[in-house]
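Novice: Take this sequence and fold it.
(one chain, ligands or ions: 1)
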Amino acid sequence: MKLNEGFVIIDFGSQFTQLICRRLRELGYFAEVLPYTVTLEKIKKHQPKGIILSGGPYSVFESDAPQFDILELEKQAPLLGICYGMQLIAHKKGGVVEKSLVKEYGHTTISWSSETQIFKGLPLNQEVWMSHGDIVKSVPSGFKITAVTHNQLPAAMESDRIWATQFHPEVSHTQNGDHIFKRFAELCQAKPNWSANTVGEGLIQDIKDLVKQGDVLCALSGGVDSSVTAMLLTRALGAERVHCVFVNNGLLRKNEYENVLKMYHEIGLHVIGVDATSLFLEQLKSVVDPEQKRKIIGRLFIEVFEDQLTHLPQVTWLAQGTLYPDVVESVKPFGGPTQTIKSHHNVGGLPQNMKLKIIEPLRWLFKDEVRRLGLYLGLPKPMIERHPFPGPGLAIRIIGEVSAESLEIVQKADQIFIDMLKEHDLYHKIWQAFCVLLPVQTVGVQGDGRTYEQVLALRAVTSRDGMTADWYDFEPAFLKKLSNQITNQVSGINRVVYDITSKPPGTIEWE
Ligand code: GLN
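Specialist: Numbering: from 1, shown residues only. Reported below is the predicted structural model:
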């Protein structure tokens, strides 16, 4: 795929760098993130139409602050500096950056002057989002301040081919942030070249060029990423060369194995269904530790795929549904270690010792781009819009031991919950909704008799990307009806509770 003539984003460690990339792509321009340690040679190879310098947690005047040769960089293409990016440009070109007496965090109002190029077409006062403690005290020669905050601090500066904002146009709280990227792209004379159509056809051609010989093994999970991967490969190489494996681990939702398998056949994939329910349930017996559950399930998936491979000697490639955020080489501010909260299970993450060559057709894409590509390739809408479902499936929604009985309880309750969300037109308003079976029994009364049965927790959250989440504020009448249906229809449950924990401090799934 032709990936040059787009935008290069140089990452200085901002938590929003990927958002800059998404904004440009949403506007139809190819954009790519590179760490500030990248060489100028590498940037030149990309033939960028424009270069964006991200924000970052450092202060440009500190001795260990990330640097870049701005004088060389500006010869390559027009620049847009954001926050730290603006400060770095000012610092390197002879301006003065210093600690500000007034810090500006969060919402700020700015006003700009009518002579600016980048804000052209917008009202003079705007609400923007800021997060900085340093300011450009004086601009380099050839620059002018084009916007100030209500504190009269500089909010933007520009010269002929360089624009810079102290605020973050990539953050959704900034009004008309997109307009700034759009104007920058116009000023760079970039042409939109990024759409589901061009991306899809480009990726199909790439697969054809790469996989000249040998067949491909593609693990399917029922989710969007693996389905789109399989569709792309099948379009490129034909169904007979793409062997898709869909495993029933017994931990799927009610009737999901049958339904998803049928859908895969309908869209023309060559799928091998493997029912390994008894193997998984056998190995999960008396396991209660969540990390152990995840590890056992991961290992068994691999065993099943290895077993399939022995029947497919013509397979020399392994497809993985890796996405852009997993491969982008991002800057970890201050080299800080990040803690493992949960080990991640990914059916695509098969071991290297299988001696297969790896193909990752989605490695350039963000999740929302994968969804759009899926629609373009003809995947059914309900599959594209499905809530995320964890690799270890219902095993991590049963706290404590997983058994055939507990699975049946969760499957029944889950179906009632999801059906009711769809009936009330709430499914699409929610990022993820599910039931959790607790290993706790409480006393109840049903039909005048004493019961002593399990508690079921309901969880429904809204989120943009799964990184943070809020619990969904249902109408009491909805919860009342739902609780009633579950206790009436699912034997083994006599009490229903609703989880009102956001992320953080809770995670979305319970285990
Ligand atoms: N660390 C710099 C400041 O505080 C830049 C911050 C940023 O890029 N968000 O001003």
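Novice: Please identify the residues of the stretch 1-150 of the chain in proximity to the ligand?
Specialist: Residues of the stretch 1-150 of the chain lying near the ligand by Cβ under 6 Å from any ligand atom: Ser14, Gly55, Gly56, Pro57, Tyr58, Ser59, Cys83, Tyr84, Ser131, His132, Gly133, Asp134. In this view, the C-beta of every residue, glycine as well, is placed from N, C-alpha and C.
Novice: Cross the residues you listed against helices and list the overlap.
Specialist: Residues of these located in helices (DSSP state H): Tyr84.
Novice: from the residues of the stretch 1-150 of the chain next to the ligand, which single one is nearest Lys412?
Specialist: Among these, Ser14 lies closest to Lys412 (Cβ to Cβ), at 45.8 Å.
Novice: what about the closest residue to the ligand within the stretch 1-150 of the chain, neighbour count?
Specialist: Going by Cβ to the nearest ligand atom, the ligand is nearest to Gly55 of the stretch 1-150 of the chain, at 2.7 Å. Using other Cβ atoms under 10 Å, Gly55 has 28 neighbouring residues.
Novice: That one touches His168, doesn't it?
Specialist: Yes: with contact defined as Cβ atoms under 8 Å, Gly55 reaches His168; the gap is 6.5 Å.
Novice: Mind listing the shared neighbours of the two?
Specialist: Residues touching both Gly55 and His168 by Cβ atoms under 8 Å, 6 or more residues apart in numbering: Phe16, Ile82, Cys83, Ser131.
Novice: Could you identify the pair within the residues you listed that is furthest apart?
Specialist: Greatest spatial distance in the shared contacts of Gly55 and His168: Ile82 and Ser131, 10.7 Å, computed using Cβ to Cβ.
Novice: In space, what's closest to Gly121 - neighbours in sequence excluded?
Specialist: Counting by Cβ to Cβ, 6 or more residues apart in numbering, Gly121 lies nearest to His179, which is 6.9 Å off, once chain neighbours are set aside.
Novice: hang on, the earlier thing: need the residues touching each of Ile82 and Ser131.
Specialist: Gly55, His168.
Novice: Tell me where the model's unsure across the stretch 351-500 of the chain.
Specialist: Scanning the stretch 351-500 of the chain for pLDDT under 70 picks out 351-354.
Novice: Over to the chain?
Specialist: Using pLDDT under 70, the chain drops low at 330, 332-354.
Novice: State the distance from the residue lying farthest from the centre of it to Ile486.
Specialist: Residue farthest from the centre of the chain, counting by Cα atoms, centre = their mean, is Asp448 at 49.8 Å. Look at Asp448 and Ile486: by Cβ to Cβ, to the nearest Å, they are 20 Å apart.
Novice: likewise Ala457?
Specialist: Relative to Ile486, Ala457 is positioned 11 Å away (criterion: Cβ to Cβ).
Novice: Who has more neighbours out of these two?
Specialist: Between Ala457 and Ile486, counting by other Cβ under 10 Å, Ile486 is the more crowded of the two (23 against 18).
Novice: give me the element that one is part of.
Specialist: Using DSSP states H and E, Ile486 sits in helix 476-489.
Novice: Name the residues of that helix that are buried.
Specialist: The neighbour-count check on helix 476-489 (16 or more other Cβ atoms under 10 Å) flags Leu482, Ser483, Gln485, Ile486, Thr487 as buried.
Novice: Quickly name whichever of those residues is closest to the ligand.
Specialist: Closest approach between those and the ligand, by Cβ to the nearest ligand atom: Leu482, at 43.0 Å.
Novice: can you pull the contacts of the closest one?
Specialist: Ile416, Phe417, Met420, Leu458, Val496.
Novice: Mind telling me what element the third one is part of?
Specialist: What it means is Met420. Per DSSP H and E, Met420 falls inside helix 404-423.
Novice: Hmm, Ser14 is touching Tyr84, no?
Specialist: Yes: between Ser14 and Tyr84 a contact is recorded at 6.9 Å, counting by Cβ under 8 Å.
Novice: who touches both of these two?
Specialist: The contact sets of Ser14 and Tyr84 overlap at Ser54, Gly55, Gly56, Pro57 (Cβ under 8 Å, 6+ apart).
Novice: can you pick the most crowded of those?
Specialist: Among those, Ser54 has the most neighbours (other Cβ under 10 Å), with 30 neighbours.
Novice: got the residue ranges for the strands in the stretch 151-300 of the chain?
Specialist: 154-158, 162-165, 215-220, 242-248, 271-275 (DSSP state E, counting those that start in this stretch).
Novice: Looking at the ones you listed, which is nearest to His91?
Specialist: Nearest of the strands of the stretch 151-300 of the chain to His91, taken as Cβ to Cβ: strand 162-165 at 11.5 Å.
Novice: ok, Leu3 - how many residues close by?
Specialist: By the measure other Cβ under 10 Å, the count of residues near Leu3 is 14.
Novice: just Glu74 next, same as before
Specialist: Each residue near Glu74 was counted by other Cβ under 10 Å, and the total is 18.
Novice: Point me to the helix or strand that includes it.
Specialist: Glu74 belongs to helix 70-76 when assigned by DSSP H and E.
Novice: quick one: Gly393 from the ligand, how far?
Specialist: According to Cβ to the nearest ligand atom, to the nearest Å, Gly393 and the ligand sit 40 Å apart.
Novice: which non-adjacent residue is nearest Ile409?
Specialist: The nearest residue in space to Ile409 (Cβ to Cβ, 6+ apart) is Gly492, at 4.8 Å.
Novice: Please report how far that neighbour lies from Glu256.
Specialist: As judged by Cβ to Cβ, Gly492 and Glu256 stand 21 Å apart.
Novice: Please name the residues that touch the closest residue to Gly250 other than its chain neighbours.
Specialist: Distance criterion Cβ to Cβ, 6+ apart; nearest residue to Gly250, sequence neighbours excluded, is Thr277 at 3.2 Å. By Cβ under 8 Å, 6+ apart, the residues touching Thr277 are Asn248, Asn249, Gly250.
Novice: No more questions from me, cheers.
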